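Colleague: need the 3D shape of this:
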Amino acid sequence: MTSRAPHLTHIAEPPGVAPGTGYTQVVTGTGRLVAVSGQVAFDERRQLVGAGDPKAQARQVFENLSRCLAAAGAGFADVIKLTYFVTDIAFLPAVREARDEYLGSTPPPASSAMQVAALFLPEVLVEIEALAVVPAP
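Modeller: Now for the predicted structure:
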């Protein structure tokens with residue numbers, strides 16, 4: 001068990017479960033839950049950043065997540081779960097690279113990733129939502 005923040009516990013290898021690659025199997029914590037809606041690669045003017053470029057889009061998504069978390073008094077150290085929606089599963093390495101730029105690589109939060117047929121606009125390639133737990137006041 002390791003921890004990104006004192007109020008969180010990461011369990012990478014629960015008994016009888018294979019370890020995850022690039023994510024933690026279980027994260028638990030105490031405090032206040034913060035749910036961040038799925039973010040896409042729009043800038044503050046609702047202009048798409050990185051058309052056709054999953055890595056550029058992922059970076060903008062993580063920038064948006066960072067700003068949303070900060071608005072709730074949280075940061076990436078408080079993130080317990082990320083859910084990735086990509087229009088091509090081949091984009092995951094680019095998404096993980098952007099994730100590691102913002103979160104660092106160990107220990108990563110719990111995660112789920114899925115390829116979807118489409119997101120709400122054809123040019124949007126990546127959407128990510130986050131759950132975080134911040135210490136209770």
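Colleague: center of the chain - which residue?
Modeller: Leu82 (3.7 Å; Cα atoms, centre = their mean).
Colleague: the nearest residue to Thr30 once chain neighbours are set aside - how many residues pack around it?
Modeller: Closest residue to Thr30 apart from its sequence neighbours, by Cβ to Cβ, 6 or more residues apart in numbering: His7 at 5.4 Å. The way it works is simple: take the backbone N, C-alpha and C, and place the C-beta from them, glycine included. Neighbourhood size, His7 [other Cβ atoms under 10 Å]: 17.
Colleague: quick one on the thing from earlier: for the residue nearest to the centre of the chain, give me its contacts.
Modeller: Leu82 makes contact with 99, 109-112, 128-131 under the criterion Cβ atoms under 8 Å, 6 or more residues apart in numbering.
Colleague: ok, the residue lying farthest from the centre of the chain to Ala110 distance?
Modeller: The centre of the chain is farthest from one residue, Gly16, which by Cα atoms, centre = their mean lies 25.8 Å away. As judged by Cβ to Cβ, to the nearest Å, Gly16 and Ala110 stand 17 Å apart.
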